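> okay, here's the prediction I keep looking at, along with the sequence it came from:
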Amino acid sequence: MKLYIIAGEASGDLHAANLLLALRKKEPKLEIRAWGGDKMEAAGAKVVKHYRDLSFMGFSEVVLNLRTILRNLAFCKEDILAFQPDAILLVDYPGFNLRIAKFAHELGIPTTYYISPQLWAWKAGRVKQIKAYVDQLLCILPFEPAWYAQYGVIAEYVGHPLLDALQVYPFDPEFREKQGLDERPVIALLPGSRKQEIKVKLPIMLQAVASYVNNYQIVVAAAPAQELDFYKQIIGQAPVRIISGKTYDLLKTATAAVVTSGTATLETALIGTPEVVVYKGSAISYAIGKRLVKVKYISLVNLILDRPLLTELIQNDCTPEKIAAELAKLLQPAHRDNLQKAYSELHQVLGEAGASENAAETVYQFMRQAQSEKGV
């Protein structure tokens, strides 16, 4: 069997890789061509486009890179035609993947969407595209199937793959020693994975922790797709460490974290690290987004629990002073204890690990059925 996969971000690369590992147990000879990253490649996929060349965040950024995006779409369609897959697996990345879903539908290629687009947040009108072009929809947030059901779309909750990723992650008990960290507590800074968001948020984070550098070790979690020199240019002479590719170990070690809104907010909570969530985009992107986004919260933790557990400092509130003040709260034992109790509730709401296995089984049966219908 031949499967074509498209994941356009670091989180998609991680979750798609875990799904592929589970899928290969069922079909060892599965041939996989993909858009993704290093983790998918390690899982046996032939990666033809790396996600580091695909991620454009915000409305203005998309407009500025429109020509590149259109070239990528054209290349993807040509590559699918040449590969002739038995099925296509789309992972998150909706702006691009919904266009490919339509293309695949026109070709009669069965399509699964894993990590369904967060249409409940914005662009609910896209649900018509899901209904028309996607054959199988797999969700990773427990409230999503009910939301899709309102629109006549059948969706299946398979569990959250982060539970799988954390369950098998080999946390290093000697991480602190190996990284040369001393006995002082650690504050982790997670400025995101894209250059444009790092450029905006890392300087603000560095100002926020300036008063903590004597009593705490400040460590920036570098995205593996970015060069260390890029971070060094922003950090300059500040007494701040950079650690790349070890974010889970860093969070496990950290006493508190400043985290950019996105999947990392949920990862941080599931690991158990107290955090403050921040977001700041370009003025144009934020102005447009504020009119379109229909959610009460920007962090997945608050969305899943349906209450403001974590403080969210958004746009004009994302200042060094407010981040520093929130860090002071996070470092208080009583506040930390309350967060830990709420994190336990988060685990209960998400359920057990096994999302990758569940999704792999569903995709495998879907592909077998599609082949059967074709008479293969």
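Looks like it arrived, so ask away.
> correct me if wrong, but Gln205 is in a helix.
Wrong residue type there; residue 205 is Met, not Gln. Yes: assessed with DSSP: H, G, I helix; E, B strand; the rest coil, Met205 lies in a helix.
> measure it to Glu312 for me?
15 Å (C-beta to C-beta, to the nearest Å). For every residue, glycine as well, the C-beta is placed using N, CA and C.
> these two - which one has more neighbours?
More neighbours surround Met205 than the other of Met205 and Glu312, with 27 against 21 (other C-beta atoms under 10 Å).
> that one contacts Val258, doesn't it?
Yes: in this structure, Met205 is within contact of Val258 by C-beta atoms under 8 Å, at 5.1 Å.
> list residues touching both of these two?
The contact sets of Met205 and Val258 overlap at 189, 278, 323 (C-beta atoms under 8 Å, 6 or more residues apart in numbering).
> which secondary structure element contains the last one?
Per DSSP states H and E, Ile323 falls inside helix 320-330.
> again, but for the second one
Secondary structure from DSSP H and E places Val278 in strand 275-279.
> assumed Cys221 was part of a strand.
Actually, residue 221 is Ala rather than Cys. Yes: the assignment for Ala221 (three-state DSSP) places it in a strand.
> tally of neighbours for it?
By other C-beta under 10 Å, neighbour count at Ala221 equals 27.
> for it, name its beta-bridge partners.
Ile243 (DSSP bridges).
> thinking it is in contact with Gly192, fair?
No: applying C-beta under 8 Å as the test, Ala221 and Gly192 come out as separate, 9.6 Å apart.
> export the helix holding Ile323 as PDB, just CAs?
This file holds the C-alpha atoms of helix 320-330, laid out as PDB (Å, rounded to 0.1, in the frame of the first residue of the first chain):
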ATOM      1  CA  PRO A 320       7.800  42.100  30.200                       C
ATOM      2  CA  GLU A 321       6.200  43.600  33.400                       C
ATOM      3  CA  LYS A 322       3.100  41.400  33.200                       C
ATOM      4  CA  ILE A 323       5.000  38.300  32.400                       C
ATOM      5  CA  ALA A 324       7.400  38.900  35.300                       C
ATOM      6  CA  ALA A 325       4.500  39.500  37.700                       C
ATOM      7  CA  GLU A 326       2.800  36.200  36.600                       C
ATOM      8  CA  LEU A 327       6.100  34.400  37.100                       C
ATOM      9  CA  ALA A 328       6.300  35.600  40.600                       C
ATOM     10  CA  LYS A 329       2.900  33.900  41.300                       C
ATOM     11  CA  LEU A 330       4.000  30.700  39.600                       C
END
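> so what does it touch, helix or strand wise?
Packing partners of helix 320-330 (3 or more C-beta pairs under 8 Å, 6 or more residues apart in numbering; DSSP states H and E): helix 195-208, strand 256-260, strand 275-279, strand 312-314, helix 333-350.
> ok but Trp122 is inside a helix, no?
No: Trp122 sits outside any helix when classified using three-state DSSP, being coil.
> off-centre distance for the helix or strand Asn97 falls within?
Counting by DSSP H and E, the element that carries Asn97 is helix 94-107. In terms of C-alpha atoms, centre = their mean, to the nearest Å, the centre of helix 94-107 is found 21 Å from the chain centre.
> cool, stretch 97-116 as well?
20 Å.
> just checking, next helix/strand downstream of the lowest-mean-pLDDT helix or strand in the chain?
When the helices and strands of the chain are scored by mean pLDDT, DSSP states H and E, helix 59-64 comes last with a mean of 48. Proceeding N to C from helix 59-64, the next assigned helix or strand is helix 66-83, under DSSP H and E.
> how far away is the nearest residue to Lys77 once chain neighbours are set aside from Thr111?
Among residues not flanking Lys77 along the chain, Phe103 sits closest, at 5.5 Å (C-beta to C-beta, 6 or more residues apart in numbering). Applying C-beta to C-beta, one obtains 10 Å for the distance of Phe103 from Thr111.
> these two: which has the busier surroundings?
Thr111 (25 against 18).
> for that one, give me phi and psi.
Backbone torsions of Thr111, given as degrees, to the nearest 10, read phi -130, psi 130.
> that one reaches Ala132, doesn't it?
No: Thr111 lies out of contact with Ala132 (C-beta under 8 Å); the separation is 11.0 Å.
> list the residues that contact both of those two?
Residues touching both Thr111 and Ala132 (C-beta under 8 Å, 6+ apart) are His105.
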